[in-house]
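Asks: I'd like to go over a predicted model; first the sequence, then the structure.
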Amino acid sequence: MRWMILVLIALLLAGSIACAQRGAAMIELPALGLFDFTEGTVEAWVQFEFDTRGWQQDGGVYQWRGRWFSFEAPATETDLGAEVVIEYGLKNHGRLGAIEPGCNWRTAFVVDGQKVPHPLLPACTTLEQGTWHHFAITWHDAHIVRAYIDGVLAEEMVFPYSIARPVPEVARIVIGHPEVSSFNRLAIDDLRISSVARAPEDLGFHQAPLQPDPQTLLLLDFEQIEERDGQMLVRPTVMALADAAEAYPLMGGRIIEGRAGQALALTTAASAEDGDGE
């Protein structure tokens, strides 16, 4: 039994090392003061680095996920934790012998350890490889959530109960996420978090480059990236925290030409052939 445990630990370590070597990008930021469950907007320009329509995986239904934004609050003695994720999911739907690839943007809320019914799942199969598209999530009154693609309402969800809750000091915002999947074949540009649920005409889809306003809490345009003591650092264009750091560590990824200036690709290679599934 002991040798089996040692082998399992070795395999887990090998998987972690392989994921790190692939260089999946991650930026970790404090969430308190940048995120509120009652009202807000998260938006960015996003580009797929592979063909979602031509993607195939033998064996019927099989799913990959690639995450570009998450809010994470760990469990405490009085609360089971909270999470908000924005990611894409690829899933082959097999029917009558035919396999049809599908792509959906998935936005899910978890409050007090429970998934809030239901996640938003607007389709992204028609978004072409190598083209920039704007994706936004807005929410208000702690229970009405909307997803926009290229400035157009794609889906709306009214939660059955309020998701309002305090944001603890230990909560974090993560851009990218190597712990989730190495199949993060996305690039992002002009990522913004706002204090209000923006109307369609106020979304960043209508601006390039994106210009901050009084409602902007965080703006990452990836124009200010530097190396210091062997560590890559990214400096936010806007960071609405009085005690914020000047710059934040950027792990993995690569800088590419963006919608307007530079952008961040979430992996070190654009090929999807070596992705890991969930």
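Replies: Structure's in. What do you need?
Asks: before we move on, what's the pLDDT of Thr76?
Replies: Thr76 carries a pLDDT value of 88.
Asks: wait, isn't it in contact with Pro168?
Replies: Yes - using Cβ atoms under 8 Å, Thr76 is in contact with Pro168, at 7.1 Å. Glycine gets a C-beta too; all of them are placed from N, C-alpha and C.
Asks: the two: which has the busier surroundings?
Replies: Pro168 (14 against 10; other Cβ atoms under 10 Å).
Asks: residues touching that one, list them.
Replies: Residues in contact with Pro168 (Cβ atoms under 8 Å, 6 or more residues apart in numbering) are 32, 73-74, 76.
Asks: what about those, which are in strands?
Replies: Using DSSP state E, the members of the contacts of Pro168 that fall in strands are Ala73.
Asks: can you add distance to Leu120 and give the contacts of Pro168 back as CSV?
Replies: As requested, the contacts of Pro168 are exported to CSV (distance: Cβ to Cβ, whole Å):
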residue, distance to Leu120
Leu32, 25
Ala73, 20
Pro74, 24
Thr76, 27
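Asks: between the contacts of Pro168, which sits nearest Ala242?
Replies: Checking these against Ala242 by Cβ to Cβ gives Leu32 as the nearest, at 11.6 Å.
Asks: out of the contacts of Pro168, who has the most neighbours?
Replies: That'd be Ala73 among the contacts of Pro168, by other Cβ under 10 Å, with 26 neighbours.
Asks: where does the chain have low pLDDT?
Replies: 1-23, 54-64, 92-101, 178-182, 269-278 (pLDDT under 70).
Asks: how about the helices in it?
Replies: 2-22 (DSSP state H).
Asks: tally of neighbours for the spatially closest residue to Ile193 that is not a sequence neighbour?
Replies: In this structure, Ile193 finds its nearest non-sequential neighbour in Leu218, 4.2 Å apart by Cβ to Cβ, 6 or more residues apart in numbering. When neighbours are defined as other Cβ under 10 Å, Leu218 has 23 of them.
Asks: and Leu218, what does it touch?
Replies: Counting by Cβ under 8 Å, 6+ apart, Leu218 has contacts 29, 34, 173, 191-193, 236, 238-240.
Asks: let's see 7 Å
Replies: Leu218 is in contact with 34, 192-193, 236, 238-240, counting by Cβ atoms under 7 Å, 6 or more residues apart in numbering.
Asks: kindly report the same for Ala108.
Replies: By Cβ under 7 Å, 6+ apart, the contact set of Ala108 is 85, 115, 119.
Asks: repeat the analysis, applying 8 Å as the threshold.
Replies: Residues near Ala108 by Cβ under 8 Å, 6+ apart: 83-85, 115-116, 119-120.
Asks: ok, Tyr65 touching Lys91?
Replies: Heads up, residue 65 is Arg, not Tyr. No - counting by Cβ under 8 Å, Arg65 stays clear of Lys91, with 9.5 Å between them.
Asks: could I get the full set of strands for the stretch 101-250 of the chain?
Replies: Here the stretch 101-250 of the chain has its strands, by DSSP state E, counting those that start in this stretch, at 114-115, 132-140, 144-149, 152-158, 172-176, 186-194, 216-220, 225-228, 231-234, 238-239, 248-251.
Asks: strand 186-194 and the second one, what's the angle between them?
Replies: Computed with axes from the mean of the first three to the mean of the last three Cα atoms, to 10 degrees, the direction of strand 132-140 lies at 30 degrees from that of strand 186-194.
Asks: tell me the strands beside strand 132-140, with direction?
Replies: Here strand 132-140 is paired, per DSSP bridges, with strand 40-48 (antiparallel), strand 144-149 (antiparallel).
Asks: so which of these is the most surrounded?
Replies: With neighbours taken as mean count of other Cβ atoms under 10 Å, the strands paired with strand 132-140 reach their highest mean count in strand 40-48, at a mean of 24.
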